[in-house]
Each structure stands twice: as structure tokens, then as C-alpha cells.
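Participant: Mind looking at a prediction? Sequence and model below.
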Amino acid sequence: QVQLVESGGGLVQTGDSLRLSCVYSSPTFNNYAVGWYRQAPGKEREFVSAISWSGGGTSYAASVKGRFTISRDNAKMTVYLQMNSLKPEDTAVYYCVADSLISAVVGGSFSEFVSWGQGTQVTVSA
């Protein structure tokens, strides 16, 4: 199974920025859509953002639109999530997922994705 490894999480203050990275272990995933989900303590896992295989299509949850930007560098087999103007409600474990189509990443069930990572913790203090 192709592995996805997230990094870049940490503890920051309200208004700060972080950039998450998701590195995949095979160039096969250059042809897959990749996305980010997050899960806060006591809450359901929720969709954050997704990007098509080419980078030409993106999707964002309403709660992060205008603050987060997703991008990818297929040469580096990496997808990024630039998070600006962070808020305490952004605190969560962030997971990278991959599937064949961006529509599948946006609307799919976490356990049915082709692959997903172990997550990286983002904590935003007030």
C-alpha cells in the first residue's frame, strides 16, 4: 500500500500560520486526488480541502475557505496545506488522504479512501 506521511503540525497562537506537508511513497499517486481531513477531540472527522491530480482543481470546506490553501508538487510527491489566520477551532489532528477523483476525496468515507496517513497534530492557543 502506498504510504502517506504528514508533517508540519505544532502548537501555535491565534492568527499564526502553519504549513502541513503530505508526502506519498509512490509516483503512482501523482495521478490521484489528495485531500486533508481533520478530527478535533470529541468531534467527527471532517473534510478540510482537496486537490486534483493535476492541481487544477481544488475544494475547501466553508470554515477554512480564504484562510487555507492547498497545493501540490508532483515532482516532490508532496501535497501542502498552507494554513493562515489560524483559530482555536482549527485545533485537530489533520489527516492526508488519497483517492482516484477529487469528488471521491471530498465526499467519501474515510475508511474507503485508497490511502490515508497517521495524522499530524495542530493546536492553536487562544
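Facilitator: Cool, the structure landed. Numbers count the residues shown, from 1 in each chain.
Participant: Against Glu112, how distant is Val105?
Facilitator: 11 Å (Cβ to Cβ, to the nearest Å). (Glycine included, C-beta is placed from N, CA and C.)
Participant: Those two: which is more packed in?
Facilitator: Val105 (25 against 10; other Cβ atoms under 10 Å).
Participant: which ones are touching that one?
Facilitator: Counting by Cβ atoms under 8 Å, 6 or more residues apart in numbering, Val105 touches Ala33, Val34, Gly35, Phe47, Ala50, Ser59, Val97, Ala98, Asp99, Phe113.
Participant: what are the phi and psi angles of Leu86?
Facilitator: With angles defined as degrees, to the nearest 10, Leu86 sits at phi -60, psi 150.
Participant: Skipping adjacent residues, who's closest to it in space?
Facilitator: Among residues not flanking Leu86 along the chain, Val124 sits closest, at 4.6 Å (Cβ to Cβ, 6 or more residues apart in numbering).
Participant: does that neighbour sit in a helix or strand, and which one?
Facilitator: Using DSSP states H and E, Val124 sits within strand 120-125.
Participant: Give the buried residues for that strand.
Facilitator: Buried residues in strand 120-125, counted by 16 or more other Cβ atoms under 10 Å: Thr120, Val122, Val124.
Participant: contacting residues around the nearest residue to the first one once chain neighbours are set aside?
Facilitator: The shortest distance from Thr120 to any non-neighbouring residue, by Cβ to Cβ, 6+ apart, is to Gly9 (3.5 Å). The neighbours of Gly9, taking Cβ under 8 Å, 6+ apart as the test, are Leu18, Leu20, Tyr94, Thr120, Gln121, Val122, Thr123.
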